[in-house]
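Chemist: give me the fold of what follows.
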Amino acid sequence: MIFKTLRKKLTVWFGPWLAYWVIRTLSWTMKFEEVHPEIPRRILEEGIPGIGAFWHGRLLMMVNAYRGKRLSFLVSPHRDGQVVGKALERFGFQAILGSTTRRGFSAIKKMFQAYRNGSDIAIAPDGPRGPRQEVQMGVIELAKLTGRPVVPVSFSASRKKILGTWDHFLIPYPFSRGVFVWGEPVYVDSQGDRAHLEEKRTLLEKRLNALTEQADHHFDRTFSKKD
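Modeler: Coordinates of the predicted model:
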């Protein structure tokens with residue numbers, strides 16, 4: 001029991017520092033590409049905060065995808081989420097503790113307040129505990145409240161390790177090539193009923209899964225063109 005408690009404390013103390021330097025080191029050694037970067041650029045040029053969505057398993061390098069000035073990340077209130085949140089704060093982002101489920105209404109309120117204060121929002125809509133690659137309703141509710149579209153994005157790398165975690169967490173290898181693939185925004189009607197919200201939830205899920213598959217095969221196509 002003592003060792004278990006100590007391990008938890010060590011994770012909380014050193015986890016954010018380790019996560020920060022893993023992301024930093026990978027960012028320094030990797031080369032990144034973007035597919036359809038005009039999509040987030042168009043949203044940023046509007047000058048109104050936006051909502052970005054990506055799968056939980058692809059979040060590690062997402063700090064490199066953001067080109068705005070102020071960003072709030074939704075992370076799990078559990079220990080692992082707090083470690084991620086503190087690591088992201090080292091990059092200048094704000095961590096919001098909560099869940100994207102319908103029961104996570106307090107998190108939606110916090111995200112809405114961050115939006116009202118001029119912050120862009122980033123959400124892994126299958127977090128914090130899955131099911132993997134299934135959009136939960138919270139991000140759609142937030143889009144309805146704000147009137148802003150949800151911009152889907154996914155990430156992959158030419159060389160990577162997929163962990164055996166619930167989210168199949170992806171860690172790229174140093175000196176590999178990374179790619180961010182952006183998809184068309186999903187717009188939610190502020191007067192939409194439950195059927196409309198479910199339709200948009202399903203649409204976002206399909207787009208994120210398609211983007212993830214495209215990202216995973218991006219370098220296969222790139223290399224085949226050179227042969």
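Chemist: ok, which stretches of this protein are strands?
Modeler: Applying DSSP state E to the chain gives strands spanning 31-35, 51-53, 71-75, 94-97, 120-123, 150-157, 160-162, 170-172, 177-182.
Chemist: in CSV, list the ones you listed along with mean pLDDT and mean neighbour count.
Modeler: C-beta: built from backbone N, CA, C; applies to glycine. Shown next, in CSV, are those (pLDDT from 0 to 100; neighbours: other Cβ atoms under 10 Å):
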stretch, mean pLDDT, mean neighbour count
strand 31-35, 98, 15
strand 51-53, 97, 26
strand 71-75, 91, 26
strand 94-97, 88, 18
strand 120-123, 96, 26
strand 150-157, 98, 26
strand 160-162, 97, 12
strand 170-172, 96, 20
strand 177-182, 98, 22
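Chemist: okay, those in JSON lines with distance to Gln113 next?
Modeler: Listed next are the strands of the chain as JSON lines, based on distance: least, Cβ to Cβ, whole Å:
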{"stretch": "strand 31-35", "distance to Gln113": "30"}
{"stretch": "strand 51-53", "distance to Gln113": "14"}
{"stretch": "strand 71-75", "distance to Gln113": "9"}
{"stretch": "strand 94-97", "distance to Gln113": "9"}
{"stretch": "strand 120-123", "distance to Gln113": "11"}
{"stretch": "strand 150-157", "distance to Gln113": "18"}
{"stretch": "strand 160-162", "distance to Gln113": "36"}
{"stretch": "strand 170-172", "distance to Gln113": "31"}
{"stretch": "strand 177-182", "distance to Gln113": "26"}
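Chemist: of all the ones you listed, which one comes closest to Gln191?
Modeler: Judged by Cβ to Cβ, the one of the strands of the chain that comes nearest to Gln191 is strand 150-157, at 17.2 Å.
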